[in-house]
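> Sequence below, structure please.
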Amino acid sequence: MLQALDGAGLKPSDVTVVNLQHADGRTALERGDVDAWAGLDPLMAQSELESGSKLIFRNVAFNSYGVLNAREEFLSAHPDLAQAVVNAYERARQWIKDNPAEAVALYAREAKISPRVAELVLTERTRLDIDPVPGPAQRVVFEKILPVLVADANVKTEQDARTAVDSLFEPRYATARSAT
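Just a heads-up that it's a prediction; the model follows:
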């Protein structure tokens, strides 16, 4: 949302931002309590398909990617567990690519969403071809939003934010991933 506002020449102070949990944002939009909602799937897809909400803006270049996070202490103490989790994600990613219809059915059943919503999310909005190794692609996204975060006082200084970004990525687990 901050990137979209910035791209339109607006500041967060130019709109009334109501910070809500994603499900509450969907409800607020559908009730007419807010004029727009920056949400996540599958809630966005549900709102579109089941309640007639309109997707008015999407910029895949603003994607901050789905990443796995872990504390440094955990990675030091349990590198084998971290690798096992990354390997499980890689197996799942490959299985979804190889079995899209089964993946949609499984997602719908387990997430308790309609097959239409599951299909929209998995086949049209989920990118399985993105390199799962964290690094330059994710860094570019964070570097783009740093000035916006500083201007909105979400971080103290741009240098503090850059220092944090420099320590965010640990590619060794994804680089060593195994789909077996």
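> Where do the strands of the protein begin and end?
In the chain, no strands are found when defined by DSSP state E.
> Point me to the residue sitting farthest from the middle of this protein.
A77 (27.3 Å; Cα atoms, centre = their mean).
> Quick check, pLDDT for that residue.
In this prediction, A77 carries a pLDDT score of 98.
> Likewise for G9?
92.
> For it, give me phi and psi.
Main-chain torsions, G9, degrees, to the nearest 10: phi 80, psi 20.
> Tell me how many other residues crowd it.
Per other Cβ atoms under 10 Å, the neighbour tally for G9 reads 7. Just so you know, the C-beta spots here come from the backbone N, C-alpha and C atoms, and that holds for glycine as well.
> now do the one 5 residues further on
For D14, the count of nearby residues is 10 (other Cβ under 10 Å).
> Same check on V17?
Neighbour count of V17, defined by other Cβ under 10 Å: 14.
> Enumerate every residue touching it.
Shown in contact with V17 (Cβ atoms under 8 Å, 6 or more residues apart in numbering): M1.
> List the buried residues in the lengthiest helix in the chain.
In the chain, taking DSSP state H as the definition, the longest helix is helix 79-98. Going by neighbour count (16 or more other Cβ atoms under 10 Å), the buried part of helix 79-98 is A82, Q83, V86, N87, Y89, E90, R93, I96.
> can you list contacts of that helix?
Residues outside helix 79-98 that contact it (Cβ under 8 Å, 6+ apart): 68, 70, 74-75, 103, 122, 126, 128, 132, 173-174, 176-180.
> For this structure, which segments count as helices?
Taking DSSP H, the helices of the chain run over residues 2-7, 22-31, 43-51, 72-77, 79-98, 100-111, 115-119, 136-151, 158-166, 172-175.
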